[in-house]
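Enquirer: Requesting a structural model of the entry that follows:
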Amino acid sequence: MKKIKRILSLVLCFLFAFAIGSGCGNKQTEQSDDWTESVTGEKQVVLKFTHIWSEHAKTFTKICDDFTALYPNVKIQTNVKTYANIDTAISSSWGSSLFPDICFYWAHSVSTLVNDEVTMAADLTDVFYEKYKEDFIGEGKCMSSYAKGGKIYVVPFRATGFVIYYNADLFAELGISVPTNLEEFEVAMKTIKEECEDVVPLSCWGATGTYSYIGSALSAYMDILSGKADDPNYKTGRLVNTEEDFDRGALVYEKVRQWTKAGYFGSNPLAGSTESVESDFINGKCAMAMLNNNSLAAIQSEMDVNVGCFSLPGFSEMDNPQAGYVSGGYDGFFISKSSKNKAWALKFLEYLNSYEVQQLFADNEGSVMSRNDIVYRNELQQNVAASMANVGLLGTNPDFVLSEAAAASSIALNNYTVSKKGSVDEAKEKLKTCYNDLVTSVTDSMLNYPPLTMIEPIYTVNENALSKYLEWLGK
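Expert: Residues are numbered from 1 along each chain as shown. Purely as a prediction, here's the structure:
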């Protein structure tokens, strides 16, 4: 998918440059850097606004209507796309009058919008980030964590990630407390499996879905405990692996295999979907379910038992194991680099991220928002928001495109963990295959231009912090 996006960017960049008789993007850069246009009611303005949430259309209509009531000279043309077609919609309209002034995109995927071939998004570092960062989660970390070349292009609107919902009534019946670390989490799954024959301890799905997040989380905890996550180049995902890295990583995936073999994730965690996991949880077929925070509204409206929420907790030796791991990031908005109404687009972006609008969206849609001052009205929503404090912040944010072979070897690694038979040595070989395919991808100039390189790590391994984790993994 990433390879297709990169090819599309190259093709579209060439066509756009040819059409305007200039270098790739140069013309639109020269005509669109002015943020100083007066935002008064004198000029009639049409803002093209694109998002992907048909399920939230009513609330967005109110937001747009309220904005135009404040600024009657502005008309907002809303275009609703889907999760599946937003990339095609953006790519196919780039360079034309159809390209939106302000548009939805994932903060963690900013490289699709801004890369060596094309710059679709305007730099918002000075005009937004520096002015408002203290209003956002982590004093702006939800923005700065996804910076591209030190600049901010996508402003987060709401958080999106996969938390663990649990049946609080069943936990109380079995005498299980909410796990505060991995050790307690393992005991909770074991207890549920032993005491409830027909109930899956934790429902998740897919070698590229939530089932894969278990191994990713345990690997991220390894990196934190070892000190690897403190390496200044860690976030690139391009650190050279040592033999010790493979040895330690193999213990992670063998642990996941043992959990899977014990039935903690059901008979076939590779099958299913988000919808099937949500249905199983609502219908009492599982005690816990790893689901997106967007499932909150359905769970609250359809379940007649008490429900709680937590993130997959860290190991007890970590500084704050309860902070946990949440795979995901932030849904946000960018402003077109070529917009002719950038000052007004910025005004609307500021409005979307104002306290009033973010509180309205949290109340109406049950979402976890990007501002740090939002009040969540019910206990479950509060739990979800608290559980997502680390969303998208643990693990790497790779700055490269993977080959199909590399993606396939990663899937094969997760497929290995559902096998009945295996060993640490076998897991190690799978990890080595993944790593070798990654190196091939990173250094391939057809995938990543200019070609990238692997980076020698400079951190010092914290053996003391690692020892207890390795011991627990090996049990």
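Enquirer: quick one: pLDDT of the residue nearest to residue 208 when sequence neighbours are not counted?
Expert: What sits nearest to residue 208 in space, not counting adjacent residues and going by C-beta to C-beta, 6 or more residues apart in numbering, is residue 411, at 6.2 Å. (Each C-beta comes from the backbone N, C-alpha and C, glycine too.) Here the pLDDT value assigned to residue 411 is 92.
Enquirer: Was I right to think residue 411 contacts residue 209?
Expert: No. The criterion here is C-beta atoms under 8 Å, and residue 411 misses it with residue 209 at 10.7 Å.
Enquirer: ok, those two, which is more surrounded?
Expert: Taking other C-beta atoms under 10 Å, residue 411 and residue 209 do not tie; residue 209 has more neighbours (19 against 16).
Enquirer: Who are the contact partners of the more buried one?
Expert: By C-beta atoms under 8 Å, 6 or more residues apart in numbering, the contact list for residue 209 reads 273-274.
Enquirer: Look up how far residue 265 lies from it.
Expert: Residue 209 is 12 Å from residue 265, where distance means C-beta to C-beta, to the nearest Å.
Enquirer: What is the neighbour count of residue 318?
Expert: The tally of other residues near residue 318 (other C-beta under 10 Å) stands at 18.
Enquirer: actually residue 114, not the one I wrote
Expert: 20.
Enquirer: And for it, nearest residue in space, chain neighbours not counted?
Expert: Using C-beta to C-beta, 6+ apart and skipping residues adjacent in sequence, the residue nearest residue 114 is residue 148, 5.0 Å away.
Enquirer: for this structure, what helix or strand is lowest in average pLDDT?
Expert: The least trusted helix or strand in the chain, going by mean pLDDT, DSSP states H and E, turns out to be helix 26-30, with a mean of 34.
Enquirer: Helix or strand next in line after it, which one?
Expert: Counting by DSSP states H and E, the element after helix 26-30 in chain order, helix or strand, is strand 45-51.
Enquirer: then the helix or strand in which residue 362 is found to PDB, C-alphas only?
Expert: Assigned by DSSP H and E, residue 362 belongs to helix 355-365. Provided in PDB are the C-alpha atoms of helix 355-365 (Å, rounded to 0.1, in the frame of the first residue of the first chain):
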ATOM      1  CA  TYR A 355     -12.300  23.900  23.600                       C
ATOM      2  CA  GLU A 356     -15.900  24.400  22.700                       C
ATOM      3  CA  VAL A 357     -15.800  22.300  19.600                       C
ATOM      4  CA  GLN A 358     -13.700  19.500  21.100                       C
ATOM      5  CA  GLN A 359     -15.900  19.300  24.100                       C
ATOM      6  CA  LEU A 360     -19.000  19.200  21.800                       C
ATOM      7  CA  PHE A 361     -17.400  16.300  19.800                       C
ATOM      8  CA  ALA A 362     -16.500  14.400  23.000                       C
ATOM      9  CA  ASP A 363     -20.000  14.800  24.400                       C
ATOM     10  CA  ASN A 364     -21.900  13.900  21.200                       C
ATOM     11  CA  GLU A 365     -19.600  11.200  19.800                       C
END
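Enquirer: just checking, residue 156 is part of a strand?
Expert: Yes. Checked against DSSP: H, G, I helix; E, B strand; the rest coil, residue 156 lies within a strand.
Enquirer: returning to what we had before: for whichever helix or strand comes after the helix holding residue 362, the distance to its chain's centre please.
Expert: Per DSSP H and E, the first helix or strand lying C-terminal to helix 355-365 is helix 379-387. Taking C-alpha atoms, centre = their mean, to the nearest Å, one finds the center of helix 379-387 at 18 Å from the center of the full chain.
Enquirer: and if you look at stretch 363-381?
Expert: Stretch 363-381 sits 18 Å away from the centroid of its parent chain (C-alpha atoms, centre = their mean).
Enquirer: which residues sit against that stretch?
Expert: Applying C-beta under 8 Å, 6+ apart, the contact partners of stretch 363-381 are 56, 58-59, 135-139, 142, 155-159, 293-294, 296-297, 299-300, 307-309, 330, 332, 353, 355, 358-359, 361-362, 382, 384-385, 388.
Enquirer: what about it, average pLDDT?
Expert: Stretch 363-381 shows a mean pLDDT of 92 in the predicted model.
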